[in-house]
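Q: Quick one, what's the 3D model for this:
(one chain, ligands or ions: 2)
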Amino acid sequence: MFKERVFSGVQPTGNLHLGNYLGAIVNFVALQKRYECIYCVVDMHAITVPLNVWGGPEELRRNTREVTAAFIAAGIDPKKHIVFNQSQVAEHAELTWVFNCVARLGWLNRMTQFKEKAGKDRENASIGLYDYPVLMAADILVYRATHVPVGEDQKQHLELTRDIAQKFNNDFGDSIRARGFGDAFFPLTEPLIQGPATRVMSLRDGTKKMSKSDASDQSRINLTDDADAIALKIRRAKTDPEPLPTEEAGLEKRAEADNLVGIYAALAEKPKADVLKEFGGGQFSAFKTALADLSVAKLSPIAAEMKRLTQDPAYIDSVLAEGAARAQVIAAETMKAVKDIVGFVRR
Ligand code: ATP
Ligand code: MG
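A: Numbering: from 1, shown residues only. Ligands and ions are numbered 1, 2, ... in the order given. Got it, this is the predicted structure:
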């Protein structure tokens, strides 16, 4: 039996948005009550995209502190749990190498995130972007985490993590048993794809997920957007000419309407059916005004706290340093065992 432990990460690329909040961070906060949690700002993942996309050194530092501030502002307690940035714990990279030799090319060739992010110019994508899911498996398994809260888009990467764990456990089965770790050294991690909204879509295109890396700022509501920006983006959000349905079944094949109702429901902590009882039959304009007001009411306290926290980078850095030191104790222990299991001679 593995000790129950939660791990998850958010990349410090661009602006945190409503999808990150409703799909991941709200869940991170809730899980603190039941589990020991490790929340990581995955800066090594951030640099897998082209430099002009992740923004360069100053931008990376700024975004790393901003994601940390968002964690704390949303209610993550860095004293009770662990908050740190990935690059401060070298064991993530070290375990990635071992996993690179466990994972199969065929497995990685199926990863849809790589295909989407690399786009047409695949030859020019970084090797890091291709290897991203293996680093993610190492992030999780270096803590032997049993549960990983993520949005729907990360489901495939979690399946790969389980495949890597399983193959490692099988390939090294005798060595694992001989070292006294029982039949399995790594747990088969469970994804926790739950919470208010597991897949928030772009405001400009109801078939694409809301993303930090989307070139259009109009496609997403950023946690730091002010009330006017939020109202404008929601007013301009793509919709269809029909009025809102009164029943949930009426949202089928209406991706944009479904998305906006889903966001309202998630923020109001109500089922979609209740939202439609209130707004069904009415025009989008009235609903959009209510949605903008609700978004501002829910997000502005977080934005204000993020702003306050980011004004003190020394405090943020001290949280990350302390978190990294505590994370490293666990990661180093795993790495020692992995080296023994694989057969690397060590001090
Ligand atoms: P990028 O476009 O750079 O990949 P991102 O918006 O996907 O950025 P990540 O840092 O990759 O953000 O993901 C952080 C967490 O947010 C993950 O758990 C991911 O599943 C979740 N997430 C991202 N986008 C959405 C979304 N649109 N709806 C719900 N959850 C999401
Ligand atoms: Mg992503």
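Q: where does this structure come near ligand 1, residue by residue?
A: Taking C-beta under 6 Å from any ligand atom, the part of the chain that reaches ligand 1 is made up of 10-11, 13, 19-20, 23-24, 150-151, 153-154, 198-200, 209-213. In short, each C-beta sits where N, CA and C put it, glycine included.
Q: 8 Å instead?
A: Residues of the chain found near ligand 1 (C-beta under 8 Å from any ligand atom) are 8-11, 13-14, 16-20, 22-25, 42, 45-46, 49, 113, 117, 149-154, 197-202, 209-214, 220.
Q: Flag every buried residue along the helix ranked longest in the chain.
A: Counting residues, the longest helix found in the chain (DSSP state H) is helix 313-342. Neighbour-count burial for helix 313-342 flags 316, 319-320, 323-324, 326-328, 330-331, 334-335, 337-338, 340-341 (criterion: 16 or more other C-beta atoms under 10 Å).
Q: again, but for stretch 250-259
A: Using 16+ other C-beta under 10 Å as the test for burial, stretch 250-259 gives 250-251, 254-259.
Q: For the one residue in the stretch 151-300 of the chain that gets nearest to ligand 1, grab phi and psi.
A: Nearest residue of the stretch 151-300 of the chain to ligand 1, counting by C-beta to the nearest ligand atom: Gly151, 2.4 Å away. Per-residue torsions, Gly151: phi -80, psi 170 (degrees, to the nearest 10).
Q: List the contacts of it.
A: Going by C-beta atoms under 8 Å, 6 or more residues apart in numbering, Gly151 touches 19-20, 23-24, 193, 198-200, 209.
Q: any idea which helix or strand carries Ile38?
A: Element membership for Ile38 (DSSP states H and E) is strand 36-41.
Q: nope, Met44 is what I was after
A: Using DSSP H and E, Met44 falls within helix 43-46.
Q: which helices and strands sit right next to that helix?
A: For helix 43-46, the elements it packs on are helix 57-74, helix 127-141, judged by 3 or more C-beta pairs under 8 Å, 6 or more residues apart in numbering; DSSP states H and E.
Q: The strand holding Ile38 - contacts with which helices or strands?
A: strand 5-10, helix 26-31, helix 57-74, strand 82-85, helix 313-342.
Q: can you rerun that using 7 Å?
A: If you count contacts as 3 or more C-beta pairs under 7 Å, 6 or more residues apart in numbering; DSSP states H and E, strand 36-41 packs onto strand 5-10, helix 26-31, helix 57-74, strand 82-85.
Q: got a list of contacts for stretch 255-273?
A: 18, 22, 196-197, 200-201, 206-207, 237-240, 244, 248, 251, 275-276, 291, 294-295, 298 (C-beta atoms under 7 Å, 6 or more residues apart in numbering).
Q: List every C-alpha atom in it, with coordinates, as CSV.
A: What follows is stretch 255-273, C-alpha atoms only, in CSV (Å, rounded to 0.1, in the frame of the first residue of the first chain):
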residue,chain,number,x,y,z
ALA,A,255,-20.6,24.3,-27.6
GLU,A,256,-20.3,28.0,-26.9
ALA,A,257,-23.6,28.3,-25.0
ASP,A,258,-22.8,25.1,-23.1
ASN,A,259,-19.4,26.6,-22.1
LEU,A,260,-20.8,29.9,-20.8
VAL,A,261,-23.6,28.1,-18.9
GLY,A,262,-20.9,25.7,-17.5
ILE,A,263,-18.7,28.6,-16.4
TYR,A,264,-21.7,30.2,-14.6
ALA,A,265,-22.7,27.0,-13.0
ALA,A,266,-19.1,26.3,-11.8
LEU,A,267,-18.7,29.8,-10.4
ALA,A,268,-22.1,29.8,-8.7
GLU,A,269,-21.6,26.3,-7.4
LYS,A,270,-24.9,25.2,-8.9
PRO,A,271,-25.9,22.5,-11.4
LYS,A,272,-26.3,23.7,-15.0
ALA,A,273,-30.0,22.8,-14.9
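Q: do you know how far Leu244 is from Ala265?
A: According to C-beta to C-beta, to the nearest Å, Leu244 and Ala265 sit 12 Å apart.
Q: So what are the sheet partners of the strand holding Ile38 and their directions?
A: Strand 36-41 pairs in its sheet with strand 5-10 (parallel), strand 82-85 (parallel), by DSSP bridges.
Q: after the last one comes which helix or strand?
A: Towards the C-terminus, the helix or strand next in line after strand 82-85, according to DSSP H and E, is helix 91-100.
Q: list the helices and strands that next one packs on?
A: Against helix 91-100 (3+ C-beta pairs under 7 Å, 6+ apart) you get helix 127-141, helix 313-342.
Q: Just list what the helix or strand following it packs against, helices and strands only.
A: Next helix or strand after helix 91-100 toward the C-terminus (DSSP H and E): helix 105-109. Here helix 105-109 touches no other helix or strand, going by 3+ C-beta pairs under 7 Å, 6+ apart.
Q: Could you pull out the buried residues of helix 105-109?
A: 107-108.
Q: For that helix, output the C-alpha coordinates as CSV.
A: Taking C-alpha atoms only, helix 105-109 is exported to CSV below (Å, rounded to 0.1, in the frame of the first residue of the first chain):
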residue,chain,number,x,y,z
LEU,A,105,8.7,5.9,-28.6
GLY,A,106,5.4,4.5,-29.8
TRP,A,107,3.7,5.7,-26.5
LEU,A,108,4.9,9.2,-26.9
ASN,A,109,4.0,9.3,-30.6
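Q: If anything else comes up later, I'll come back, but that's it for now.
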